[in-house]
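Participant: predicted structure and sequence below. I'll ask about it afterward.
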Amino acid sequence: MRTLLPLLRTAWACRVGPFVVARPPRGASAGPGSRTMAKYHREERGQPRSPSYRLFLKNEAGHYISPFHDIPLKVDSKENLFNMIVEVPRWTNAKMEIATEEPLNPIKQDAKNGKLRYVANIFPHKGYIWNYGALPQTWEDPHQKDKNTDCCGDNDPIDVCEIGSKVLSCGEVIHVKILGILALIDQNETDWKLIAINVNDPEASKLHDIDDVKKYKPGYLEATVNWFRFYKVPEGKPENQFAFNGAFKNKAFALEVIKSAHECWKALLLKKCDGGAINCTNVQVSSSPFHCTQEEARSLVESVSSSVNKESNEDADQTWHFLGE
């Protein structure tokens, strides 16, 4: 039996599954029940291309939110319409990502050994070959073995490769249709890669499943497998491996993976599993023990430097790497 924290029901709260989510002010987007796309605003703090840089998100009412926990997974009750947070615009190299271990999970540039991370240009590709991001309210549990891959999750939200024609912006929140999924095995962890398309893309109306991608965008899926296979090789690492011999699974399979990752996220937010260093601070899921007030969220953000500083403002190495099969 599920055990939830006692909650006061007010006119400003609504129950969604096991959660109670704060109802937004009149006129604002209501999340999963809203008929129109929620409007999210970005706020940059710190110097871009520096370790201090953080990109926070606000909702339509101007309140700080967590893109990991406070943006609804689904749009309305439609089976195949999801919110996606764009982390990396197509053709860019900076490895931007949701900071899962920081309060309110702003987007930052990943760093290793004190050095900002960029993906290499592997001929013929410049940077990332899709708009790359994540589905909110999903979590790949590192302690739970996936029945399809026999490997545990990678401790992140599910990654999304958006294959539409428009170059999107870091921090943008869009509605996507899921088309299929690829199972990357990275250091013995399952790292699912969803294939999706922006619903507002001109080609969205003719893409409904993974076979449609093969038909209307020939070579794109093969390029995607090769990109993920080789992208760490310039760093001196071995080629990545895949479950299912690198074959893409269809939409129905992908939706089941999303459903499972959403259930893992629910357990995480209700403290029913070991989240390790994951920061679950949120302002919308009031049934979660990690819930905070809007005032507390503002204080968390204001504690992050907003000044433009003289920290390293390095650019990506534009060397081209030529790798074979």
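Facilitator: The structure has been received and is ready for your questions.

Participant: which residues does the closest residue to K217 other than its chain neighbours contact?
Facilitator: In space, and not counting its chain neighbours, K217 is closest to I163: 6.6 Å by C-beta to C-beta, 6 or more residues apart in numbering. For the C-beta atoms, the positions are set from N, CA and C on the backbone; glycine is no exception. I163 sits next to W130, L179, I195, A196, I197, V213, K217, Y220 when contact means C-beta atoms under 8 Å, 6 or more residues apart in numbering.

Participant: try it again with 10 Å
Facilitator: Counting by C-beta atoms under 10 Å, 6 or more residues apart in numbering, I163 touches 90, 129-131, 176, 179, 195-198, 201, 203, 207, 213, 216-217, 220-221, 224.

Participant: so what's H175 bridging to?
Facilitator: Legend: beta-bridge partners of H175 under DSSP bridges are N83.

Participant: could you say what helices and strands the helix or strand where V213 lies packs with?
Facilitator: Taking DSSP states H and E as the criterion, V213 maps to helix 210-216. Other helices and strands packing on helix 210-216, by 3 or more C-beta pairs under 10 Å, 6 or more residues apart in numbering; DSSP states H and E, are strand 173-186, strand 189-198, helix 220-230, strand 249-250, helix 251-269.

Participant: I'd like the mean pLDDT over the fourth one, please.
Facilitator: Put plainly, it is strand 249-250. The average pLDDT within strand 249-250 is 98.

Participant: repeat for stretch 54-70
Facilitator: 97.

Participant: if we can go back for a sec, turn the helices and strands packed on helix 210-216 into CSV, columns for mean neighbour count.
Facilitator: Output for the helices and strands packed on helix 210-216, formatted as CSV (neighbours: other C-beta atoms under 10 Å):
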stretch, mean neighbour count
strand 173-186, 22
strand 189-198, 24
helix 220-230, 17
strand 249-250, 16
helix 251-269, 19
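
Participant: which one of those lies nearest to W320?
Facilitator: helix 220-230 (12.7 Å; C-beta to C-beta).

Participant: residues touching the helix or strand following the closest one, excluding its own?
Facilitator: Going down the chain from helix 220-230, the next helix or strand is strand 241-242, by DSSP H and E. Residues outside strand 241-242 that contact it (C-beta under 10 Å, 6+ apart): 149, 151, 182-188, 191, 193, 225, 228-229, 248.

Participant: wait, which of those residues is closest to K74?
Facilitator: For these, the residue nearest K74 by C-beta to C-beta is K193; the value is 19.6 Å.

Participant: tell me the contacts of that closest one?
Facilitator: Counted by C-beta under 10 Å, 6+ apart, K193 has contacts 130, 132, 158-161, 180-184, 224-225, 227-228, 242, 248, 254.

Participant: looking at the contacts of strand 241-242, which is nearest N282?
Facilitator: Lowest distance from N282 to these (C-beta to C-beta) belongs to D191, with 24.1 Å.
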